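> Any chance you can model this:
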Amino acid sequence: MNPYQAYVYAYPHKTAYRPLQPAPGLRDVWAGESLDALFLYLHVPFCEMRCGFCNLFTRTGAPEELTGAYLDALDRQATAALDALDGAAFSTAAFGGGTPTYFTASELERLCGIAGRFPGFGSIPLGVETSPATATTDRLAVLADHGTTRVSIGVQSFLDEEARAAVRPQKRAEVEAALDRIRAAGFPILNIDLIYGIDGQTPATWLHSLNAALTWRPEEIYLYPLYVRPLTGLGRRAQDWDDQRLTLYRLGRDHLLGEGYEQVSMRMFRLPSSDAGGTEYCCQTDGMVGLGCGARSYTSRLHYSFEYAVGAGQVRSIIDDYVRETDFTTARVGFSLDDDERRRRHLVQSLLQAAGVDLSTYRARFGSDPMDDFPADLKPFAERGWLETSEDVLRLTPEGLAYSDAIGPALFSSRVQALMASYEAR
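All right, here's what the predicted structure looks like:
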């Protein structure tokens, strides 16, 4: 089985979303939902450069007029969301992208001001993504002043030649200076992203990057396999390097476990003492309110967002439409979840975590057992020895976790698979 089919960070993927006709009002969408512990997510679709492996919804070179107009639109959208969420309380927040720190310090102040309109912001955990070039002292000071508890920086490799091979031109000295500034700012949690499977990377160079990252003793480390995706800078390369990536994954996993980290998922490793202040999110149990043209929002029955694209021209067009929008009172594009899809979402999002599916929680929520609900889906993994069960938990074995990017897509419903297959990449 090909172990690298797709990274499942949410179920279903946005390529399964379709226009909602008629578009439901946000008040109706959120009616009857639990509003006491929501996740607030603000999306910033701007970067200083586009990495060769990136298929995120983002554009480069945005001028000040556009970033200012984008913040204006975020503020208008916040007004509509707050109107639909009377009495809501938030327990976690995050700024993602793109690169939120593409914004200047003054623009970040305004972003925090918009987020500050939502109850709890400033006193709840806040995670922010950054990059080596934009993790400047003035920007980090704004984030620290507004209660940021976690900063995640995409390093990918500490070797300049590997960074160039991933079409991410950066110098190690720049990366190390940024890490020093982040540590000096005093954020409780530092996360470093690294990538394995880069052209020319070897076990020795992979260990070199891992040990370089460990110099800062980050509370979290994410290890990402390199993917070649359509419409990205690396998308024209074609080679099979599954064995290489698996070898590097196992090497990285074992190295971090030996350094005292615990494995949270295939990608995430965490120091056991660093639970407080994180922004780990479980979309199978919590509602999410997303602001920005690349953000998703989740209720128990509907996932919704704006149009999705990867190609630069289409992304720019969607951003331009967003900044001109004056009516944010409806959900435009999304996916409605029936009872089967709700069970499946809970299974996928839980099983791909090292902790697995808490069976008592699943039974209390759905009145059934996942092995009974999805026998045909789970049987192949049980036969491979990738599942282990007890009275309380259904979880992946260590080898099962290594195949998370194959197990996740295999658990998608036929409906979702058909929608994703018919999606035309833009």
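
> Give me the three-state assignment for the closest residue to residue 332 other than its chain neighbours.
Using Cβ to Cβ, 6 or more residues apart in numbering and skipping residues adjacent in sequence, the residue nearest residue 332 is residue 23, 5.5 Å away. In short, each C-beta sits where N, CA and C put it, glycine included. Following DSSP: H, G, I helix; E, B strand; the rest coil, the label given to residue 23 is coil.

> Residue 23 touches residue 328, doesn't it?
No: under the criterion of Cβ atoms under 8 Å, residue 23 makes no contact with residue 328, lying 11.1 Å away.

> what about the stretch 151-300 of the chain, any weak spots by pLDDT?
Applying pLDDT under 70 to the stretch 151-300 of the chain flags residues 228-240, 274-286.

> Would you check that residue 153 makes contact with residue 179?
Yes: Residue 153 is within contact range of residue 179, at 7.0 Å (criterion: Cβ under 8 Å).

> what sits in contact with each of these two?
Each of 190, 192 lies in contact with both residue 153 and residue 179 under the rule Cβ atoms under 8 Å, 6 or more residues apart in numbering.

> what residues are up against residue 417?
By Cβ under 8 Å, 6+ apart, no residues touch residue 417.

> next one: phi and psi at it?
Backbone torsions of residue 417, given as degrees, to the nearest 10, read phi -60, psi -40.

> and if you look at residue 43?
The phi/psi pair for residue 43 (degrees, to the nearest 10) is phi -100, psi 130.

> Distance of it relative to residue 95?
Separation of residue 43 from residue 95 (Cβ to Cβ, to the nearest Å): 8 Å.

> of the two, who's got more company?
The residue with more neighbours, out of residue 43 and residue 95, is residue 95; 29 against 24, by other Cβ atoms under 10 Å.

> Can you give me the distance of the more buried one to residue 177?
For residue 95, the distance to residue 177 (Cβ to Cβ) stands at 22 Å.

> ok, now residue 45?
For residue 45, the distance to residue 177 equals 26 Å [Cβ to Cβ].

> ok, residues contacting stretch 174-181?
Contacts for stretch 174-181 (Cβ under 8 Å, 6+ apart): 130-133, 135-137, 140, 153, 155, 158, 190, 192, 216.

> In strands, which of those appear?
Among the contacts of stretch 174-181, the ones falling in strands (DSSP state E) are 130, 153, 155, 190, 192.

> what's the closest of the residues you listed to residue 201?
Closest approach to residue 201 among those (Cβ to Cβ): residue 155, at 13.8 Å.

> my guess is the closest one meets residue 216, correct?
No: Residue 155 lies out of contact with residue 216 (Cβ under 8 Å); the separation is 10.0 Å.

> more crowded one of those two?
Between residue 155 and residue 216, counting by other Cβ under 10 Å, residue 155 is the more crowded of the two (25 against 17).

> Which helix or which strand is home to the closest residue to residue 166 other than its chain neighbours?
Among residues not flanking residue 166 along the chain, residue 198 sits closest, at 5.1 Å (Cβ to Cβ, 6+ apart). Per DSSP states H and E: residue 198 is located in neither a helix nor a strand.

> follow-up on the earlier one: look at residue 23 and residue 328 and report which has more neighbours.
Set residue 23 next to residue 328 and count neighbours by other Cβ under 10 Å: residue 328 wins out with 21 against 16.

> Next one: the more buried one from residue 76, what distance?
Distance from residue 328 to residue 76, counting by Cβ to Cβ: 6 Å.

> before we move on, the earlier item: who has more neighbours, residue 45 and residue 177?
With neighbours defined as other Cβ under 10 Å, residue 45 and residue 177 compare such that residue 45 has more, 24 against 14.

> sorry, back to before: residue 327 versus the residue nearest to residue 332, what's the distance?
Noted for residue 23: a distance of 10 Å to residue 327, by Cβ to Cβ.

> all helices of the stretch 251-400 of the chain, in order?
For the stretch 251-400 of the chain, the helices defined by DSSP state H, counting those that start in this stretch cover 312-324, 339-351, 359-366, 370-373, 375-383, 398-402.

> Select, out of these, the one closest to residue 273.
helix 398-402 (22.2 Å).

> Tell me which other helices or strands the helix or strand following that closest one touches.
For helix 398-402, the following helix or strand on the C-terminal side (DSSP H and E) is helix 404-410. Packing partners of helix 404-410 (3 or more Cβ pairs under 8 Å, 6 or more residues apart in numbering; DSSP states H and E): helix 375-383.

> ok, now with 10 Å
For helix 404-410, the packing partners by 3 or more Cβ pairs under 10 Å, 6 or more residues apart in numbering; DSSP states H and E come out as helix 339-351, helix 375-383, helix 398-402, helix 414-422.

> Next, the buried residues of the shortest one.
Just to be clear, that refers to helix 398-402. 400, 401, 402 (16 or more other Cβ atoms under 10 Å).

> so what does it touch, helix or strand wise?
By 3+ Cβ pairs under 10 Å, 6+ apart, helix 398-402 packs against helix 242-258, strand 387-389, helix 404-410.

> other SSEs contacting the first one?
Using 3+ Cβ pairs under 10 Å, 6+ apart as the contact criterion, the secondary-structure elements in contact with helix 242-258 are strand 189-196, helix 203-214, strand 220-225, strand 262-263, strand 268-270, helix 398-402.

> How about the second one?
If contacts are counted by 3+ Cβ pairs under 10 Å, 6+ apart, strand 387-389 sits against helix 370-373, helix 375-383, strand 393-396, helix 398-402.

> cutoff 8 Å now
Applying 3+ Cβ pairs under 8 Å, 6+ apart, we find strand 387-389 packed against strand 393-396.

> What are the phi and psi values at residue 391?
For residue 391, the backbone dihedrals are phi -60, psi -30 (criterion: degrees, to the nearest 10).

> picking that back up, contact partners for the residue nearest to residue 332?
For residue 23, the contacting residues are 330, 331, 332, by Cβ under 8 Å, 6+ apart.

> The host helix or strand of residue 173: how far from the chain's middle?
Following DSSP H and E, one finds residue 173 within helix 172-185. Centre-to-centre, helix 172-185 and its host chain are 23 Å apart (Cα atoms, centre = their mean, to the nearest Å).

> Equivalent analysis for stretch 217-224, please.
Using Cα atoms, centre = their mean, the offset of stretch 217-224 from its chain centre is 14 Å.

> Give the buried residues for that stretch.
Across stretch 217-224, burial judged by 16+ other Cβ under 10 Å covers 218, 219, 220, 221, 222, 223, 224.

> ok, for the last one, nearest residue in space, not its chain neighbours?
When the adjacent residues along the chain are set aside, residue 224 lies closest to residue 195, with 5.0 Å between them (Cβ to Cβ, 6+ apart).
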